[in-house]
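Student: Have a look at this prediction, sequence included:
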Amino acid sequence: MSTTAKAAILARIRGALQDAPPVPEVQRTYRRSSQRPAAEVLGMLEDRLVDYRATVHHESPATAPERIAALLGSAHYVVPEGLDPSWLPEDDGGRQRIVESRDERGGSGLTVRELNAVDAVVTSSTVSCAETGTIFLSGRADEGRRAISLVPDHHICLVPAGSVVELVPEALARVEPTAPITMISGPSATSDIELERVEGVHGPRRLDVILLS
C-alpha cells in the first residue's frame, strides 16, 4: 500500500469517527485490591490449580533443584536464558538442560524440529491470580518465548510466593500492557465431540507448579 493510499484511508476513518457518540465512563465498582492474608491467597491458588488437574509443590529456592530433578527424571528439557540457574539441578543420569537464548532481533536458536524433540520446559512466571487459578507468563527473560511453554509435553512452572495476588485487576496491574501474555490454568485440555476430556491438545499435557516460599 502506498503512503498516499494509507493517508487517504486513515483520513476517512478519522472523519467517520468525528460524529461518533462519546464513550461513557465505566463505573468500576468491583474489587481492585485484596484484603486477604497472603497465606489464604496462596491456599486459594493451590486449590484452583489442583482442581484444574495441575500438581502443586511447596519448595524454597534451596530445595527447588531437588524437586525439579525428581520431576524431570532423565528428560531433555529447555529453559529460558534468564532463569536463575541456582533453581535448577545439575545434568545427571541422561538429563540434559538446553538453554534457549535470543539474538538481537528476538529470534531463537532452537528450530521447530528441535523444540518438538524436547521433553519438558522449566520457566518462571510474572504473576499468578488466585481467584481464577491462573498463571501469567509475559515473555520475560526468565519465562522465554511463548513457544517453549506450549510445545513440550511437560511444563514445570516456578511461582514465587510474592508474585501471587488474589484478584484479576491486581494481576493485570503487574503485567506490561504490550507484553505477549500467556495465561495458564492447569494442563492444556479440551473436550471432544462426545464431551470426553482430552489433555495436551493446545499445550502441555502435564503441569507441575512449584510455589517458592
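Tutor: On my side now, so go ahead.
Student: Disregarding residues adjacent in the polypeptide, which is nearest to Ser60?
Tutor: Of all residues not flanking Ser60 in the chain, Ser213 sits nearest, at 5.3 Å (CB to CB, 6 or more residues apart in numbering). C-beta here means a position set from N, CA and C on the backbone, and glycine is covered the same way.
Student: who are the neighbours in contact with the residue positioned nearest the centre of the chain?
Tutor: By CA atoms, centre = their mean, the chain has its centre lying nearest to Leu137, at 2.9 Å. For Leu137, the residues meeting the contact criterion (CB atoms under 8 Å, 6 or more residues apart in numbering) are 123, 125-126, 143, 146, 149, 181-184.
Student: Could you rerun that using 7 Å?
Tutor: Neighbouring residues of Leu137 by CB atoms under 7 Å, 6 or more residues apart in numbering: 123, 125-126, 143, 149, 182, 184.
Student: low pLDDT regions in this structure?
Tutor: In the prediction, the chain carries residues with pLDDT under 70 at positions 1-2, 102-108, 199-201.
Student: how about the strands in it?
Tutor: 55-59, 76-80, 96-100, 120-123, 127-129, 134-137, 154-160, 164-165, 182-184, 189-191, 197-199, 206-212 (DSSP state E).
Student: picking up where we left off before, what sits opposite the residue nearest to the centre of the chain in the beta ladder?
Tutor: Legend: beta-bridge partners of Leu137 under DSSP bridges are Thr182.
Student: about what we covered before: can I get the contacts of Leu137 in CSV with neighbour count and distance to Leu10?
Tutor: Formatted as CSV, the contacts of Leu137 follow (neighbours: other CB atoms under 10 Å; distance: CB to CB, whole Å):
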residue, neighbour count, distance to Leu10
Thr123, 23, 40
Ser125, 22, 39
Thr126, 21, 34
Glu143, 24, 36
Ser149, 24, 37
Thr182, 19, 32
Ile184, 25, 38
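Student: Let's have those residues in JSON lines, adding distance to Ala64.
Tutor: Below are the contacts of Leu137 laid out as JSON lines (distance: CB to CB, whole Å):
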{"residue": "Thr123", "distance to Ala64": "13"}
{"residue": "Ser125", "distance to Ala64": "13"}
{"residue": "Thr126", "distance to Ala64": "18"}
{"residue": "Glu143", "distance to Ala64": "16"}
{"residue": "Ser149", "distance to Ala64": "18"}
{"residue": "Thr182", "distance to Ala64": "22"}
{"residue": "Ile184", "distance to Ala64": "19"}
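Student: For these, name the two members farthest from one another.
Tutor: The most widely separated members of the contacts of Leu137, counting by CB to CB, are Thr126 and Ser149 (11.9 Å).
Student: could you measure Ser163 against Cys129, distance?
Tutor: Taken as CB to CB, to the nearest Å, the spacing of Ser163 relative to Cys129 amounts to 10 Å.
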